[in-house]
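S.K.: sequence plus the predicted model coming up.
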Amino acid sequence: MEIENTGVIGAGVMGAQIAYLLARADMAVTLVDVQPEPLVKAMASIEAMFEGAARKGELEEQDIRLKLLRIRTTQNPAVLADAALVIETVPEKFGAKAAVLQQLDEILLDKAVIVTTAWTILVSRLAALTKRPAQVVGMNFFSPVQTKDLVEVVPGAFTSQAVRDTALEFVRTLGKQPLLIGECAGFLVNRLVLPYLLTAVRLWEAGVAGISEIDRSLRDFGFAAGPFETADSIGIDTMVQICSSLQRSYGPRMAAPETLRIMTGEGWLGNKARGGFYRGRQARDQELREKKRDLGGVWREPDNNGSPSKRDWLPGYLVLPIINEAAACLQEGIAYPNEIDYAMKAGAGFPVALGGPLRYADRLGLDKVYQGLEELARVDGMCYWPHYLIQIKKAAGMLGVSSRQGFYAYPDLP
């Protein structure tokens, strides 16, 4: 199915970036929002993205003018009636997503494809609200789309094979790399990243190390930014909302630590409002400790009986929850090992030199992964108990590179 006429609902940051991608690929794009102001801002942002491409020598000025003419903006979604594929990018709330999908279901032609960017809400749940569940598919674009090549493609329980194929080819047409994954709350990358971020907070709460020390250690490890810097960029209130959604699917390991809830209550929301773990460039350790004590929070100190310590945990322990969640995804058939490793490098900035979380686990040794998770379990046993796939491999002696079999096989090693 060739896609030439497209639509985007929601003119926020991601909606504008996706509209830019579509126009750059010479597709006609209708960008829809209920308010005029976001549409004006989106067009200014799109023009800036094209100007950036011109400065890099990727596009000529004449090409840019023609591509911009392919974009029209409107507050009336009815003009999407002839679109072959429409992507919704409205806020991550069930009511908003459901209303848009049902509206599109009434407007669009029978063969049109609806793409949802919902990642804390199951694609199947939204598709079931329409009369065309076979033509609903999930996609996860990574920001900024100009530099991030990965797009997760997530069929729901009803999605037809034809629509899967159309979605994959559509992403390739945009010049991006599609990754077909199984349906799960959080999609793949976000599901793996959240435990990493939450572990940093829990270890800080336990007094293991300071905010800037943890961030610095992860940057030295190869990440572009530390977990607290990343949390401030996402938004502390947004993290709490994500935790609430994913906890319903995965239980306590996705629960928001007390510190995040205190920060949200104080309006310390990260880069967007009043700072978060950092106020400017200054880490907020002391302020957060005092606020937590004022509100009756309990501080836990390392017990010196095998718990993580400043001496031995930084930074590897923060990668262990990623490995543990990746093992769960493997067992559930969400993705293969090489797909998980690629997704984390391309979508989450996992250090390329380490090969991805599962390659790193094999190099480290699954016996050491198991031991590290047991030590983390002393901080919070409900969150870090080693996944049984890791337990099985450890029991079978499939420890990784050292035994020539782990998450990967290494038959050529001596």
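M.R.: Cool, the structure landed.

S.K.: and Ala361, what does it touch?
M.R.: Ile323, Ala326, Val369, Gly400, Gly406, Phe407 (Cβ atoms under 8 Å, 6 or more residues apart in numbering). For every residue, glycine as well, the C-beta is placed using N, CA and C.

S.K.: which one of these is nearest to Gly12?
M.R.: Ala326 (30.1 Å; Cβ to Cβ).

S.K.: contacts for the longest helix belonging to the chain, please.
M.R.: Ordering each helix of the chain by length in residues (DSSP state H) puts helix 36-55 first. Contact with helix 36-55 is made by 11-13, 15-17, 19-20, 23-24, 31, 33, 59-61, 64, 67-68, 71, 73-75, 146, as judged by Cβ under 8 Å, 6+ apart.

S.K.: quick check: mean pLDDT across the helix or strand just after that helix?
M.R.: Downstream of helix 36-55, the next assigned helix or strand under DSSP states H and E is helix 61-68. Helix 61-68 shows a mean pLDDT of 94.

S.K.: can you tell me what sits against helix 61-68?
M.R.: Ala23, Arg24, Asp26, Ile46, Glu47, Phe50, Glu51, Ala53, Ala54, Leu59.

S.K.: can you show me the strands along this structure?
M.R.: 5-9, 28-32, 71-74, 85-88, 113-116, 136-141, 150-155, 177-180, 278-279, 282-283 (DSSP state E).

S.K.: what about these, which gets the closest to Leu330?
M.R.: strand 177-180 (14.8 Å).

S.K.: can you list the strands that that closest one pairs with?
M.R.: Note on strand 177-180: by DSSP bridges, its sheet partners are strand 150-155 (parallel).

S.K.: and the partner strand with strand 136-141, angle?
M.R.: Here strand 150-155 runs at an angle of 160 degrees relative to strand 136-141 (axes from the mean of the first three to the mean of the last three Cα atoms, to 10 degrees).

S.K.: in strand 150-155, what's buried?
M.R.: Leu150, Val151, Glu152, Val153, Val154, Pro155 (16 or more other Cβ atoms under 10 Å).

S.K.: returning to that earlier point: I'd like the strands of the chain laid out as a markdown table, including mean pLDDT and distance to Met239.
M.R.: Below are the strands of the chain laid out as a markdown table (pLDDT from 0 to 100; distance: least, Cβ to Cβ, whole Å):
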| stretch | mean pLDDT | distance to Met239 |
| --- | --- | --- |
| strand 5-9 | 98 | 25 |
| strand 28-32 | 98 | 28 |
| strand 71-74 | 97 | 31 |
| strand 85-88 | 98 | 23 |
| strand 113-116 | 98 | 21 |
| strand 136-141 | 98 | 17 |
| strand 150-155 | 98 | 20 |
| strand 177-180 | 98 | 24 |
| strand 278-279 | 94 | 15 |
| strand 282-283 | 94 | 17 |
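
S.K.: to Gly222, which of those lies closest?
M.R.: Short answer: strand 150-155, nearest of those by Cβ to Cβ, at 18.0 Å.

S.K.: coming back round to it: can you pick out the most distant pair from the contacts of Ala361?
M.R.: Ala326 and Gly400, at 13.6 Å, using Cβ to Cβ across these.

S.K.: between these two, which has more neighbouring residues?
M.R.: A count of neighbours by other Cβ atoms under 10 Å puts Ala326 above the other of Ala326 and Gly400, at 29 against 24.

S.K.: correct me if wrong: that one contacts Ile340.
M.R.: Yes - judged on Cβ atoms under 8 Å, Ala326 makes contact with Ile340 at a distance of 5.1 Å.

S.K.: spit out the residues that contact the two alike.
M.R.: Leu192, Pro357, Leu358.

S.K.: mind listing what's buried in stretch 378-392?
M.R.: Buried, per 16+ other Cβ under 10 Å, within stretch 378-392: Val379, Asp380, Cys383, Tyr384, Trp385, Pro386, His387, Leu389, Ile390.

S.K.: show the contacting residues for the second one.
M.R.: Counting by Cβ under 8 Å, 6+ apart, Asp380 touches Arg202, Pro252.

S.K.: for Ser249, see how far away it is.
M.R.: 18 Å (Cβ to Cβ, to the nearest Å).

S.K.: so how far is Arg55 from Leu66?
M.R.: Leu66 is 18 Å from Arg55, by Cβ to Cβ.

S.K.: which one's more surrounded, these two?
M.R.: Leu66 (12 against 9).

S.K.: nearest to Glu229 among the buried residues of strand 150-155?
M.R.: Closest to Glu229, out of all of the buried residues of strand 150-155 and judged by Cβ to Cβ, is Leu150, at 21.0 Å.

S.K.: which residues does Leu180 bridge with?
M.R.: Here Leu180, judged by DSSP bridges, has bridge partners Val153.

S.K.: and it, how far is that from Leu168?
M.R.: Leu180 is 6 Å from Leu168, by Cβ to Cβ.

S.K.: what does Gly138 give?
M.R.: Counting by Cβ to Cβ, the gap from Gly138 to Leu168 is 13 Å.

S.K.: hmm, back to that, got TSV for the contacts of Ala361, with distance to Asp215 and pLDDT too?
M.R.: Below are those laid out as TSV (distance: Cβ to Cβ, whole Å; pLDDT from 0 to 100):
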residue	distance to Asp215	pLDDT
Ile323	20	98
Ala326	23	98
Val369	23	95
Gly400	28	97
Gly406	30	97
Phe407	28	98
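
S.K.: can you list those residues in JSON lines and add distance to Met254?
M.R.: Below are the contacts of Ala361 laid out as JSON lines (distance: Cβ to Cβ, whole Å):
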{"residue": "Ile323", "distance to Met254": "16"}
{"residue": "Ala326", "distance to Met254": "15"}
{"residue": "Val369", "distance to Met254": "20"}
{"residue": "Gly400", "distance to Met254": "27"}
{"residue": "Gly406", "distance to Met254": "26"}
{"residue": "Phe407", "distance to Met254": "22"}
